[in-house]
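A.B. asks: Kindly generate the corresponding structure for this input.
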Amino acid sequence: MASKTLRSLLSELRQASPNGCIKDNLAARYILAQYKKYQTTDQQLCKARDEVNFLGQTYLTYLTSLRKHNELHKEFHGRGERSVKETADLVGFKLPTDPK
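C.D. replies: Numbers count the residues shown, from 1 in each chain. You can find the predicted model right below:
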């Protein structure tokens, strides 16, 4: 597992944590244990390390997608009826002004 993937995974776990602390998080401990278990030197060729790196990137994609989904759901979730102006602002349109 590349260190960039590890840092990104821990960052996503930190963002998902309610208090922003992953010190006592079981998932973070497991990820760090797996990282240490499959850590190899440059001279070693380890197929399991590549598999763990792929698995780490897959979990990272899942956590990132889940966070983005929740942000979008919170932003666009129906809160009942919206005014025409709120709907236009939501999709990025501007309403024409009434020249008087």
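A.B. asks: need the next SSE after the helix or strand containing residue 5, C-terminal direction.
C.D. replies: Assigned by DSSP states H and E, residue 5 belongs to helix 3-16. The helix or strand immediately downstream of helix 3-16 is helix 26-37, counting by DSSP H and E.
A.B. asks: buried set for the helix or strand following that next one?
C.D. replies: Using DSSP H and E, the helix or strand that follows helix 26-37 in sequence is helix 47-76. Across helix 47-76, burial judged by 16 or more other C-beta atoms under 10 Å covers 49, 52, 53, 56, 57, 59, 60, 63. Where you see a C-beta, it was placed from the backbone N, CA and C, and this is true even at glycine.
A.B. asks: ok, now which ones touch the residue nearest the centre of the chain?
C.D. replies: The centroid of the chain falls nearest to residue 64 when counting by C-alpha atoms, centre = their mean (2.0 Å). By C-beta atoms under 8 Å, 6 or more residues apart in numbering, the contact list for residue 64 reads residue 12.
A.B. asks: so how far is residue 97 from it?
C.D. replies: Per C-beta to C-beta, to the nearest Å, residue 64 is found 41 Å from residue 97.
A.B. asks: one step back: what helices and strands are in contact with the helix holding residue 5?
C.D. replies: Applying 3 or more C-beta pairs under 8 Å, 6 or more residues apart in numbering; DSSP states H and E, one finds that helix 3-16 contacts helix 26-37, helix 47-76.
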